[in-house]
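Asker: Let me see the structure of the following:
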Amino acid sequence: MLTRRSLLLTSLAAGACATPMDTATGEPVDAVFRGLASPSESVHSGVSSEDGEQRLTVRLCRYPVIGLAWVWMHARVGGQFYSYVDHMAPCENTPTPTDQIVTSYADMNRALVFERRGAVDRPTAATATGSCMARRSPESRFGKGDRKLDVSISFSPRRLYSGLNVGRTEVFGRSRASVKVDGKEFAIEGPGQFHEQRQATPRFGAPFCYMTLWGADAASTMLIAPSRRDGYLLEGDLPGSGKSTEVETVTLDPLGKDVRALHVKLADGRALEGEARVVQAYTIPLVGNTWRGHMVRAELSGRTFMGHINDYIIGAGVPYAG
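Answerer: This next block holds a predicted model:
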């Protein structure tokens, strides 16, 4: 019988290598999540400085049925990059309620805690706080490192979108963050993002390229996958005077370039041309594969955006060019 205790013991026995293996099965210790159809709760927040050089991104994904959670914390401050990944963090078996005015997501040890105020599809504020022992490396490895990392984010929404995926809400706005590395504090203030996604279907079962871009008067999320190529552009503030325009198609240079050309056609006929420059690349081991993250600064038809391009390549890969 699969239990949290048996999975945790396997993880500890495997040690803290980049992709710990179960010595009995030869599988990655987080292989339990491969193809796992179980209710999960993913919540994320990211922030960039105005110049794009300082970054913080944190993500928690709870699987209450099996009592495990993923904890990701990544920071770029002072010219250095710090990473922490744990896919075997214990969490409560109780699902997080969705109908509360204040909703809190956390692992059992509260290494990473999110709090959202307001309704899930119309939040009024969000915070994230985390504490871990991280590594100074862009190649994330499971388990503890040797650098004390304490982080916090305070997010204020300006525009929102719900519906790219069932159960997903994305919110864009401004954030103020604190990053402490071995007690030395760095402050980050600038554009930010917050999202929640609940689902009962397996995660990371297909290749994809995910883009999230945050600007002063606009924001966008786009997705390229074998079965879809879409997204949206938010302009102005939502709700209120802003508008949302669907992305009809998007193409992007493939993984491996420091500058990736980006072409977007909107449903209203507009064509947006630009490029995304990689500020920081990093990796995360994930069920025997590699998730590749890129903190980027993008220029798109006269607008400047900060954000992320994340590539997960398995099977036949991502059809970047259509």
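Asker: from here on, contacts and neighbour counts on C-alpha atoms
Answerer: Fine.
Asker: hey, where'd the helices end up in the stretch 1-150 of the chain?
Answerer: Counting by DSSP state H, counting those that start in this stretch, the stretch 1-150 of the chain has helices at residues 4-14.
Asker: Work out the gap between stretch 258-266 and the centre of the chain.
Answerer: 20 Å (CA atoms, centre = their mean, to the nearest Å).
Asker: Please read the previous query as pertaining to stretch 119-133.
Answerer: Centre to centre, stretch against its chain (CA atoms, centre = their mean), the figure for stretch 119-133 is 13 Å.
Asker: go on, stretch 181-191?
Answerer: Distance of stretch 181-191 from its chain centroid, counting by CA atoms, centre = their mean, is 19 Å.
Asker: average pLDDT for it?
Answerer: Taken as a whole, stretch 181-191 carries a mean pLDDT of 98.
Asker: residues of that stretch that come out buried?
Answerer: 181, 188-191 (16 or more other CA atoms under 10 Å).
Asker: can you check stretch 315-322 too?
Answerer: Neighbour-count burial for stretch 315-322 [16+ other CA under 10 Å]: 318-320.
Asker: Repeat that for stretch 283-293.
Answerer: So, applying 16+ other CA under 10 Å, buried residues of stretch 283-293: 283-287, 290-293.
Asker: among those residues, which two are most distant?
Answerer: Spatial extent of the buried residues of stretch 283-293 (CA to CA) is set by the pair 287 and 293 at 15.9 Å.
Asker: so what's residue 220 up against?
Answerer: 211-214, 231-234 (CA atoms under 8 Å, 6 or more residues apart in numbering).
Asker: In JSON lines, list those along with neighbour count and distance to residue 273.
Answerer: Output for the contacts of residue 220, formatted as JSON lines (neighbours: other CA atoms under 10 Å; distance: CA to CA, whole Å):
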{"residue": "211", "neighbour count": "18", "distance to residue 273": "15"}
{"residue": "212", "neighbour count": "21", "distance to residue 273": "16"}
{"residue": "213", "neighbour count": "25", "distance to residue 273": "14"}
{"residue": "214", "neighbour count": "27", "distance to residue 273": "16"}
{"residue": "231", "neighbour count": "24", "distance to residue 273": "15"}
{"residue": "232", "neighbour count": "20", "distance to residue 273": "15"}
{"residue": "233", "neighbour count": "18", "distance to residue 273": "14"}
{"residue": "234", "neighbour count": "22", "distance to residue 273": "16"}
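Asker: of these, closest to residue 256?
Answerer: Comparing those against residue 256 with CA to CA places residue 211 closest, at 15.6 Å.
Asker: Does residue 68 touch residue 91 like I think?
Answerer: Yes: if you go by CA atoms under 8 Å, residue 68 and residue 91 touch, sitting 5.1 Å apart.
Asker: Tell me which of these two has more neighbours.
Answerer: residue 68 (27 against 24; other CA atoms under 10 Å).
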